[in-house]
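> quick one, structure for this:
(chains A, B and C)
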Amino acid sequence: MANVALCSDPLSFSVYDTPSDGGGSVTISWQAPVESKSIPIGSFVIFRKMNEEVSWSYLASVKAENGLLEDRTAVDGVNYTYKIVSYASDGASEWVCPYQVASKAQWFDSDRLPVLVGVLVCLLALAGVALLHKKGKPFDIRPIRGLEAVDEAVGRATEMGKPVLFTPGWGGDIQRPTTIAALNILGHVASKTASYRCDLIFPTHDPVIMAAAEEVIHEAYIEAGEADRYKAENVFYTTSSQLGYAAAVDGVITRYKPAAIFLLGTFEGEALILAETGNSIGAMQVAGTDSTIQLSFFMVACDYTLIGEELFAASGYLTGDAKILSSVRAQDFMKILIVVVLLAGAILVTFGMVDFAGWIGKS
Amino acid sequence: MLSKKIPIAVCFLFGLFGLVQYFSPHPAAVSAYSTVLDWVQIIFAFTLLVGVVSLLQIQLKHVSRKEKYWGYSIVTIVGILVMAVFGFAGGTERGTAFMWVFDNMQVPMQSTVFAMLAFFVATAAYRGFRLRNVEAGILLAAAIIIMLGRIPIGEMISARIPETAEWILNVPSMSAKRAVLIGIGLGSITTALRVILGIERSYLGRN
Amino acid sequence: MDLSRIDRRYIYLVIAIAIAVPLLLKVQLPVSVGPEVQKVYDEIDSLQSRDCVMISFDFEASSVAEIKPVAEAVIRHAFEKNLRIVGLALFSEGTAIGYNIISSLAEEYGKKYGEDYIYLGFRPQYVSAILGMGENIDQVYPLDYLNDDWKDFPPFSDVENYHDISLVVSIADGSLPTYWVEYAGSRYGQKIAAGITAVMATSYYPYTASGQLVGIIGGLKGAAEYENLLGYTGGGHRGMLAQSSGHLAIIALVILANVAALRKKR
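Now for the predicted structure:
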């Protein structure tokens, strides 16, 4: 806990170790009294002294009405005394805090408590649903047409003797869950292209994604018993530049004319450029992204679109893994919880009880 | 077996560290986190090198085998080498050969690709906005109001148009977007937790 | 001729004419200021002289034509208010462009490098860079774009992290403002505004409504609105006629497609 010393002065004046920080900071707070002849209000000057030092050192000049100053020059563990001096034409008044305060680094940022609560609720929901599933309560996942179309798309490409193109968009990197979700679907698409003996082209803008995709596709080909058909040169880095990437992928689409195109991942301005080029060559297109604005473009230009969370559910849907499916179900429970919190928040704010909304909002 | 477990263990440890340090302002946590961020930048710099080398290798292979469209590979190789030489030899400041190529070739070429969006928006709108039913009609009307509301001519027709456009963006459009965003947020959280807990492994190429 | 399934090249031709011809004309359309742009203007206007703003050039060469007027308007406002500017880029291509914009405007306003503005240059891995600057900007950018130790410039020697930055303005053509919100905003409480291309503008409305973004300047229209507030005519105004005729051409095409489809049905 932060140390707090309240000073009893005509000027409400308190000094305390700044809470939820990494140390090295003491907060000085005051409330300027109503202006009167006895307490002149002008610019305040704040002074500080260390331990038993006799002389005061200047800290800052502040406006009286500011009310708060963070002394970020404090050294952890050193006791400081603070005073405020108000200078006016007829003299100066000063208020000295009678307590000494030392700053200290905190281990926990209490402002982030709502986030911690949210994380714990997520973990509880995941564990709860997994437990329910273990007890034998089965659950289904609704059909996702975009994912059901994977077989059809790869089959079509095989029949036409043309390749399949998969690209994860320019907006994401390997740290982004959307990219992980896209790579999960890539594994499934790769095992289909391997067993159908169809070429799979994977251009990307990120060398780390390229390395991960190589691994995913190669493993899928090995598992399908088609390791010798894996073509490392079909998984390639283009450029980190957005439109350079779009131009490169567009070039591949117009030259090699893939019969099926998977645009799954985080897309930005390049989304429509790629989708329309794919549309113009008559490819069957399956798209999915977490970028809300690009969803509308994909819906117009592609045959199937995975909307936001469907992309994240794909891994469970395609593998049928019970643990992953449990997490998808947990997502539904959390969604219900969010709706309840939203409704409760709206009602509380409507009736003027804003503390709760403020508590959530501050983190 | 170890080749499966080590990446999952590393992922778990760093994932857990990332989660825990978020809640701590303590200098020890901050300094450890800064170190991890430095590592990320260093790793990325090396992977970029891997990416460029891989790109060059593939393009060189295309040329040496005289594969279909190998001419494009020559353009790519020359582009990479010329820019690298210009950059290393003359620097990247104003007035250098690198900046001349950047300003006079790269900027116009990329702007051209970006400008294609206008054409693609038009063809997508031409196909997509069809008055098939009531819902499609509402969508069509909203699109026209938004397009008019974002240009001065909309306001010249009626002051109500930009107001309505603003309302459409701020109320119905935003509520729909927020609903999708909540779903995406939850999906991201559960995917991240699955990765940290080692439940999700297919991105490693090993099921 | 079935107009409901017209060859796409005719559509391209209509759009090309609708955009290119107005660019040759010198007609200026009146622009009124919307609430999103007003919020950004008010925020910058409320800052005290010598406060520090960070302007991040998070765009690529492709969007220069659209995004440059936005960047210019914000920088002009900051220089007029005598604010200190810390410029940087999170996309490599934006680095030189950002430096050129900021330094040429500095010349115009008589501002000096190291006194009124500094330019930190580019750092890869934007998430790491944004997070790192929350702890210590010096650690992410030990040297500036000109390879000087920027901490040696006295007006900027006290700039340690977001604590010392009054506002971050991300001039972007993609999702970078989202990362600023997610990592600098929610983690370090940094105030953020965005100047973005029109195609991305609607993505950011939820962020302004929730207060996570101070406001947005969307594309040429946003730039024109900001120019209005500053009282000058720049690239934003010049592009308004072309943008207007482009929108009108698309509306006309959509109507044509529907009429053709209706006639075909009958």
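
> could you use CA atoms for every contact and neighbour count after this?
Noted.

> average pLDDT across stretch B:168-185?
In this model, stretch B:168-185 carries a mean pLDDT of 88.

> what residues does that stretch touch?
With contacts defined as Cα atoms under 8 Å, 6 or more residues apart in numbering or on different chains, stretch B:168-185 is touched by A:290, A:292, A:307-309, A:312, A:335, B:142, B:146, C:202, C:205-206, C:209.

> longest single helix anywhere in the chain?
No chain in the question, so chain A it is. Determined from DSSP state H, the single longest helix within chain A is helix A:322-350.

> meant chain C actually
helix C:235-265.

> now check it, is it near chain A?
No: counting by Cα under 8 Å from any Cα of the partner chain, chain A is not contacted by helix C:235-265; separation bottoms out at 13.5 Å.

> is the longest helix of chain A positioned near chain C?
No: if you take Cα under 8 Å from any Cα as the test, helix A:322-350 misses chain C, and the best it gets is 13.7 Å.

> and for the spatially most central residue of chain B, nearest residue in space, chain neighbours not counted?
For chain B, the residue nearest the mean C-alpha position is B:F114 (14.1 Å; Cα atoms, centre = their mean). Leaving aside its chain neighbours, B:F114 sits nearest to C:S62 (5.8 Å; criterion: Cα to Cα, 6 or more residues apart in numbering or on different chains).

> ok, C:V14 next?
C:A249 (7.3 Å).

> check contacts around that neighbour.
Going by Cα under 8 Å, 6+ apart, C:A249 touches C:14-15, C:18.

> check it and give its pLDDT.
95.

> just A:G361 next, same as before
The model's pLDDT for A:G361 equals 58.

> phi and psi next, for C:Y117.
Dihedral angles of C:Y117 (phi, psi; degrees, to the nearest 10) stand at phi -150, psi 150.

> roughly how far does it sit from C:G110?
To C:G110, C:Y117 is 11 Å away according to Cα to Cα, to the nearest Å.

> more neighbours, those two?
Taking other Cα atoms under 10 Å in any protein chain shown, C:Y117 and C:G110 do not tie; C:Y117 has more neighbours (24 against 11).

> can you classify the closest residue to the more buried one other than its chain neighbours by secondary structure?
Nearest residue to C:Y117 in three dimensions, chain neighbours excluded: C:I85, at 4.5 Å (Cα to Cα, 6+ apart). Under DSSP: H, G, I helix; E, B strand; the rest coil, C:I85 falls in the strand class.

> C:I85 and C:C52 touch, don't they?
Yes: the pair C:I85 / C:C52 is scored as a contact, 5.8 Å apart, by Cα atoms under 8 Å.

> name the residues contacting each of the two.
With Cα under 8 Å, 6+ apart, C:I85 and C:C52 have no common neighbours.

> chain C contacts on the stretch 151-300 of chain A?
A:171, A:241-243, A:268-269, A:292-293.

> as a markdown table, those with pLDDT, neighbour count and secondary structure would be great.
Converted to a markdown table, these look like this (pLDDT from 0 to 100; neighbours: other Cα atoms under 10 Å in any protein chain shown; DSSP: H, G, I helix; E, B strand; the rest coil):
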| residue | pLDDT | neighbour count | secondary structure |
| --- | --- | --- | --- |
| A:G171 | 85 | 24 | coil |
| A:S241 | 87 | 20 | coil |
| A:Q242 | 88 | 27 | helix |
| A:L243 | 89 | 24 | helix |
| A:E268 | 86 | 25 | coil |
| A:G269 | 84 | 23 | coil |
| A:T292 | 84 | 21 | helix |
| A:I293 | 83 | 20 | helix |
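
> just the closest of the residues you listed to C:S103, please.
Nearest to C:S103 out of those is A:S241 (Cα to Cα; 24.2 Å).

> I figured that closest one hits C:F59, correct?
No: counting by Cα under 8 Å, A:S241 stays clear of C:F59, with 9.8 Å between them.

> quick check: neighbours shared by those two?
C:E93.

> average pLDDT for stretch C:203-216?
Stretch C:203-216 shows an average pLDDT of 87 in the prediction.

> now it: how far from the chain's centre is it?
From the chain centre to the centre of stretch C:203-216 is a distance of 14 Å (Cα atoms, centre = their mean, to the nearest Å).

> just give me the neighbour total for the residue nearest to B:F114.
C:S62 is flanked by 25 other residues according to other Cα under 10 Å.

> same question for B:I151.
By the measure other Cα under 10 Å, the count of residues near B:I151 is 27.

> the nearest residue to it once chain neighbours are set aside: what's it in contact with?
Leaving out its chain neighbours, the residue that sits closest to B:I151 by Cα to Cα, 6+ apart is C:S244, at 5.3 Å. C:S244 makes contact with B:151-153 under the criterion Cα under 8 Å, 6+ apart.

> tell me which helix or strand C:G211 sits in.
C:G211 is part of no helix or strand when elements are defined by DSSP states H and E.

> quick check: the gap between it and chain B.
Separation of C:G211 from chain B (Cα to the nearest Cα, to the nearest Å): 13 Å.

> how much space between the residue nearest to C:V181 when sequence neighbours are not counted and chain B?
Excluding the flanking residues, the one nearest C:V181 by Cα to Cα, 6+ apart is C:Q212, at 6.3 Å. As judged by Cα to the nearest Cα, C:Q212 and chain B stand 14 Å apart.

> just A:S61 next, same as before
Distance from A:S61 to chain B, by Cα to the nearest Cα: 28 Å.

> ok, back up a step: please tell me I have it right and the residue nearest to C:V181 contacts C:I192.
Yes: with contacts counted by Cα under 8 Å, C:Q212 reaches C:I192, the gap being 7.3 Å.

> what residues are shared contacts of these two?
Common contacts of C:Q212 and C:I192 (Cα under 8 Å, 6+ apart): C:181, C:185.

> neighbour count: these two, which is higher?
With neighbours defined as other Cα under 10 Å, C:Q212 and C:I192 compare such that C:I192 has more, 28 against 21.

> list the contacts for the nearest residue to the more buried one once chain neighbours are set aside?
Spatial nearest neighbour of C:I192, chain neighbours left out: C:V168 (4.8 Å); criterion: Cα to Cα, 6+ apart. Contact analysis of C:V168 by Cα under 8 Å, 6+ apart lists C:53-56, C:190-193.

> just the buried residues of these.
In the contacts of C:V168, burial by neighbour count holds for C:53-56, C:190-193, counting by 16 or more other Cα atoms under 10 Å in any protein chain shown.

> just the closest of those to B:V36, please.
C:Q190 (22.2 Å).

> where does the closest one land in three-state SS?
What three-state DSSP gives for C:Q190 is coil.

> do the same with C:F57
C:F57 ends up strand, using three-state DSSP.

> tell me the pLDDT of it.
At C:F57, pLDDT is 95.

> all the strands of chain C, residue numbers only.
C:52-58, C:84-89, C:117-122, C:167-172, C:192-196, C:216-218 (DSSP state E).

> could you identify the helix or strand that succeeds the helix or strand where A:F297 lies?
Assigned by DSSP H and E, A:F297 belongs to helix A:292-301. Downstream of helix A:292-301, the next assigned helix or strand under DSSP H and E is strand A:304-307.

> quick one: contacts of that next one?
Identification of contacts with strand A:304-307 by Cα under 8 Å, 6+ apart yields A:144-146, A:149, A:285-290, A:295, A:298-299, B:180.

> in its sheet, what does it sit against?
Partners of strand A:304-307 in the sheet, by DSSP bridges, are strand A:284-289 (parallel).

> I appreciate the help and will end here.
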